[in-house]
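> Sharing a model prediction with you, sequence too.
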Amino acid sequence: MEPKQIRVGIIGASPDRGWAARAHVPALEALPEYELTAVGTSRPESAEAAARRFGAAHAFTDARQLAEHPEVDLVVITVKVPAHAELVGAALAAGKHVYCEWPLARSTEEADGLTKSAHGAGVHHAIGLQARYAPAIAYARDLIAEGHLGRVTSATVYAARGKGAGGRIPAWAAYTLDRHNGAGTLEVAGGHTLDAVRHLLGDISELSANLSVQHPVCTLAETGEVVEATSPDHLLLDATLDNGAVVSAHIHDAKITDSRTRLEITGTDGDLALVSTGAGGSAGIQIGQLRLLGTDASDGTYRELPLPDRYRVAFGIDPAAEGFNVARMYRHLALDLRTGSSSVPDFDTGLDLHRLLDTIRLSAQTGTRRDLG
């Protein structure tokens, strides 16, 4: 007999917009291991509309009631970062498994508390660092581990998003301009991109960083209201990895044209380049498709490397869809939940990434190179 499906409740499942509707719901619909049983939003009418649209049996405005419902096994948090601590806490208090979008919390202190609570609850906890599951990244990681590049010597990252281009930003995103909300360029674009770099190449041992606010004011697209920005929109990073390789990165927002991501990795025997394609290029390395290019020492010419089928398992979801990487992560999480393994990035992973971002902030504030130990 087939095992029962993993029953999911999504907090933040707006019926008309948002990351849940764009990525999580399509991913879950494509995977037979899951059933979406509950949705939660802040208003009764939107919760009921979401339940109808997504085929969920239950609609909630109270996150605790959703988490405590007996037909929910896994609680997924897809709301704004300042609410993560309270909502993750509610799910853990109910003894439910949790998948929280990145960033885990507004601060490392909050993330540390949530991680300790997750361990105390004895449940599975996952953090939404889905760039690791992009087929091109998964294949590149294997090629590097197999010695395709020889000894890795350096990596160069350029990641430019269109968020805030032209000084205009949608009202829902205005909260990301306040550094106290922990959802700005450093946390989102920086966190996702640097996690992918470390996933491919290993940990950072020391770094120097510069953070700046190049667009100190933005205009809300809907109302014309002017909003001050205190969260940095540019990160410049000079780092050394544990293996001695060096990394340089420029990550920024408000790019008017040619928003894209390119990560080049150089070794003694050749190079790899991960390059964003299509609309996902303006959203970050974690969204949309990536091309994988490779060279060898014979002529140094980049050629596109076909991705083996094992990295592009058909889920009933378009590989170009925003939810494709999320679906790949959900599939690994399902295996963890069935077997007790721990393969997906979890709250410990998220806490470690928060600590890296703290080191970047400290380096930028003090103008000093910092050792990560």
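Received, thanks.

> What's the local residue count around residue 311?
For residue 311, the count of nearby residues is 18 (other CB atoms under 10 Å). From N, CA and C alone the C-beta is placed, and that goes for glycine too.

> same thing with residue 103?
27.

> What of residue 226?
Using other CB under 10 Å, residue 226 is surrounded by 10 other residues.

> go on, the one 3 residues further on?
Taking other CB under 10 Å as the criterion, the count of residues near residue 229 is 24.

> OK, contacts around it?
Residues in contact with residue 229 (CB atoms under 8 Å, 6 or more residues apart in numbering) are 164, 177, 213, 215-218.

> Tabulate these (JSON lines), appending distance to residue 62 and pLDDT.
Listed next are those as JSON lines, based on distance: CB to CB, whole Å; pLDDT from 0 to 100:
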{"residue": "164", "distance to residue 62": "34", "pLDDT": "87"}
{"residue": "177", "distance to residue 62": "29", "pLDDT": "97"}
{"residue": "213", "distance to residue 62": "38", "pLDDT": "97"}
{"residue": "215", "distance to residue 62": "38", "pLDDT": "94"}
{"residue": "216", "distance to residue 62": "39", "pLDDT": "95"}
{"residue": "217", "distance to residue 62": "37", "pLDDT": "95"}
{"residue": "218", "distance to residue 62": "33", "pLDDT": "94"}
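
> Mind checking which of the residues you listed land in helices?
With helices defined by DSSP state H, no entry of these lies inside them.

> just the buried members of those?
164, 177, 213, 215, 218 (16 or more other CB atoms under 10 Å).

> Make TSV from those residues and add distance to residue 109 to it.
Below are the buried ones among the contacts of residue 229 laid out as TSV (distance: CB to CB, whole Å):
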residue	distance to residue 109
164	28
177	22
213	24
215	28
218	28
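
> May I have the longest helix anywhere in the chain as PDB, with CA atoms only?
Ordering each helix of the chain by length in residues (DSSP H) puts helix 347-366 first. What follows is helix 347-366, C-alpha atoms only, in PDB (Å, rounded to 0.1, in the frame of the first residue of the first chain):
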ATOM      1  CA  PHE A 347      17.700  25.800  10.300                       C
ATOM      2  CA  ASP A 348      21.300  25.100  11.200                       C
ATOM      3  CA  THR A 349      22.300  25.900   7.600                       C
ATOM      4  CA  GLY A 350      20.300  29.100   7.800                       C
ATOM      5  CA  LEU A 351      21.800  30.100  11.200                       C
ATOM      6  CA  ASP A 352      25.300  29.600   9.700                       C
ATOM      7  CA  LEU A 353      24.400  31.800   6.800                       C
ATOM      8  CA  HIS A 354      23.100  34.500   9.100                       C
ATOM      9  CA  ARG A 355      26.400  34.400  10.900                       C
ATOM     10  CA  LEU A 356      28.200  34.900   7.600                       C
ATOM     11  CA  LEU A 357      26.100  38.000   6.800                       C
ATOM     12  CA  ASP A 358      26.900  39.300  10.300                       C
ATOM     13  CA  THR A 359      30.600  39.000   9.500                       C
ATOM     14  CA  ILE A 360      30.100  40.900   6.200                       C
ATOM     15  CA  ARG A 361      28.300  43.700   8.100                       C
ATOM     16  CA  LEU A 362      31.100  43.800  10.700                       C
ATOM     17  CA  SER A 363      33.800  44.000   8.000                       C
ATOM     18  CA  ALA A 364      31.900  46.800   6.200                       C
ATOM     19  CA  GLN A 365      31.400  48.700   9.500                       C
ATOM     20  CA  THR A 366      34.900  48.500  10.700                       C
END
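
> Need the residues that contact the next helix or strand after it.
Helices and strands here follow DSSP states H and E; after helix 347-366, the next one along the chain is strand 370-371. For strand 370-371, the surrounding residues in contact (CB under 8 Å, 6+ apart) are 205-208, 359, 362-363.
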